[in-house]
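Q: Predicted model and sequence follow; I will ask about them next.
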Number of protein chains: 2
Amino acid sequence: MKELERRLLEKQINLTAMRLVVLDYLVKQTNAVSLTDMELSLEKTDRVTLYRSVKTFEEHGLVHRIDDGTGVTKFALCQPACTIDGHHDLHVHFYCINCQETHCLPKAQIPEVKLPCGYERQETSLLVKGLCSECKK
Amino acid sequence: MKELERRLLEKQINLTAMRLVVLDYLVKQTNAVSLTDMELSLEKTDRVTLYRSVKTFEEHGLVHRIDDGTGVTKFALCQPACTIDGHHDLHVHFYCINCQETHCLPKAQIPEVKLPCGYERQETSLLVKGLCSECKK
DNA sequence: AAACAACTGCAATCGTAGTGCATTTATTTC
DNA sequence: GAAATAAATGCACTACGATTGCAGTTGTTT
Ligand SMILES: [Mn+2]
Ligand SMILES: [Mn+2]
Ligand SMILES: [Zn+2]
Ligand SMILES: [Zn+2]
């Protein structure tokens, strides 16, 4: 439990019961989750509070949001490098069209992209859709 | 005008007045557009009909949809290679955080991504956010 | 011209994101 | 430790894009 608290404090996020519950849930996930996922798994939690908890986490560099093309935003824990000053992780995300799960692929870094002259890059996201290793079998 | 008709027939899309209007609009755009953009620009058009026209265009490989992270789907004409059998264009998309326009960057191809063992790629999308050449000046 | 298929337009629904505000809980100040 | 202040929470409600149902229209076929 101390581990969860440490993780919040490390990112300068005030401790609350709710946030500990949310973080506890997030660390147990093997794939990215939506607000609805959380809402269904964590009984007795208000969606808006979840929304704001995750938003706080995101602003402090504890979680990042993932747009997997489904129209529903997913969230997952960040790599340690992310701080309140910004997200500094550039990994690929994968959406399985069979099981419909969204995974972070931290080992697959997003390659540098050559932009046309005059364009300035600030963020890059790369999404691959296909079959995950489980569904491929 | 014949040009527009040819373009629809080429993709095996039946000709209708509405579809010609929509295509005419699309070919004049320099950036990706949302349904709302079309709705506002093309007076006297029903949003649902636009929705279905664009959907048909997409299914026949005439336009592709772009998820630029704003939560609103954008559309743009495809490169010629796309057919009813699928979209075969792998270019980068750019969202300008200043002018909020979304551009296709057909000259910036998406590099190949190494996936973890067992994953099968089917589609890839790469979005860069930043400042476009106009807004950078 | 009857029969059929494709297309269109209006109404209505769905689902997620987001805001406002009052209440509760935690922290600071005296 | 009580009052004042700030932060967090929960409920109600709004906003808006996506999508469906269905009836009416238009276009084709025989
Ligand atoms: Mn991730
Ligand atoms: Mn494009
Ligand atoms: Zn899968
Ligand atoms: Zn711009």
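A: Received the coordinates, thanks. Ligands and ions are numbered 1, 2, ... in the order given.
Q: what's near enough to touch A:T30?
A: A:H103 (CB atoms under 8 Å, 6 or more residues apart in numbering or on different chains). C-betas here are computed from N, CA, C, even on glycine.
Q: wait, A:Y25
A: A:Y25 touches A:V33, A:M38, A:S41, A:L42, counting by CB under 8 Å, 6+ apart.
Q: Just the ones in strands from those residues, please.
A: A:V33 (DSSP state E).
Q: Filter the contacts of A:Y25 down to the buried ones.
A: For the contacts of A:Y25, a burial check counting by 16 or more other CB atoms under 10 Å in any protein chain shown picks out A:V33, A:M38.
Q: Sitting in helices, which of the contacts of A:Y25 do you find?
A: Of the positions in the contacts of A:Y25, A:M38, A:S41 sit in helices, assigned by DSSP state H.
Q: Which single one of the contacts of A:Y25 is nearest to A:D85?
A: A:V33 (25.0 Å; CB to CB).
Q: Can you verify my assumption that the closest one contacts A:V72?
A: No - A:V33 is not in contact with A:V72 according to CB atoms under 8 Å; the separation is 10.0 Å.
Q: Flag every residue of chain A that's near DNA strand C.
A: By the rule CB under 7 Å from any atom of the strand, the part of chain A lying against DNA strand C is A:14-17, A:34-36, A:47-48, A:51, A:71-73.
Q: Of all pairs in the residues you listed, which one spans the longest distance?
A: A:L15 and A:G71 (33.1 Å).
Q: Those two: which is more packed in?
A: A:L15 (12 against 9; other CB atoms under 10 Å in any protein chain shown).
Q: where does that one land on pLDDT?
A: We have a pLDDT of 95 for A:L15.
Q: cool, and A:K2?
A: Value for A:K2, per-residue pLDDT: 86.
Q: Not counting its neighbours along the chain, what's nearest the residue sitting furthest away from the middle of chain A?
A: Computed with CA atoms, centre = their mean, the residue of chain A farthest from its C-alpha average is A:C117, at 31.8 Å. In this structure, A:C117 finds its nearest non-sequential neighbour in B:S133, 6.8 Å apart by CB to CB, 6 or more residues apart in numbering or on different chains.
Q: Now for the closest residue to ligand 1 within chain A, how many residues are close by?
A: Going by CB to the ion, ligand 1 is nearest to A:C104 of chain A, at 3.1 Å. Residues near A:C104, counting by other CB under 10 Å, number 21.
Q: Sticking with A:Q122, tell me its helix or strand.
A: strand A:120-131 (DSSP states H and E).
Q: no, scratch that, I was asking about A:T36
A: Per DSSP H and E: helix A:35-41 holds A:T36.
Q: neighbouring contacts of stretch A:39-47?
A: A:M18, A:V21, A:V22, A:Y25, A:L35, A:M38, A:L50.
Q: Can you tell me which residues in chain A are near DNA strand D?
A: So far as CB under 7 Å from any atom of the strand goes, chain A lies against DNA strand D at A:13-14, A:16-19, A:45-46, A:48-49, A:52-53, A:56, A:71.
Q: who wins for neighbours among those residues?
A: Busiest of the residues of chain A next to DNA strand D [other CB under 10 Å] is A:S53, holding 24 neighbours.
Q: got the contact list for that residue?
A: A:M18, A:R19, A:V22.
Q: Next, it: secondary structure please.
A: helix (DSSP: H, G, I helix; E, B strand; the rest coil).
Q: Quickly note the distance from it to ligand 3.
A: 28 Å (CB to the ion, to the nearest Å).
Q: ok, and the closest non-adjacent residue to that residue?
A: Counting by CB to CB, 6+ apart, A:S53 lies nearest to A:V22, which is 4.8 Å off, once chain neighbours are set aside.
Q: Using CSV, list the CA coordinates for the helix or strand where the one you found lies.
A: Following DSSP H and E, one finds A:V22 within helix A:17-28. Coordinates of each C-alpha in helix A:17-28 appear next as CSV, following Å, rounded to 0.1, in the frame of the first residue of the first chain:
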residue,chain,number,x,y,z
ALA,A,17,-8.9,7.4,-0.7
MET,A,18,-10.4,7.7,-4.2
ARG,A,19,-7.1,8.3,-5.9
LEU,A,20,-5.5,5.3,-4.1
VAL,A,21,-8.4,3.1,-5.3
VAL,A,22,-8.0,4.4,-8.9
LEU,A,23,-4.2,3.9,-8.9
ASP,A,24,-4.5,0.5,-7.3
TYR,A,25,-6.9,-0.4,-10.2
LEU,A,26,-4.6,1.0,-12.8
VAL,A,27,-1.5,-0.8,-11.7
LYS,A,28,-3.3,-4.1,-11.9
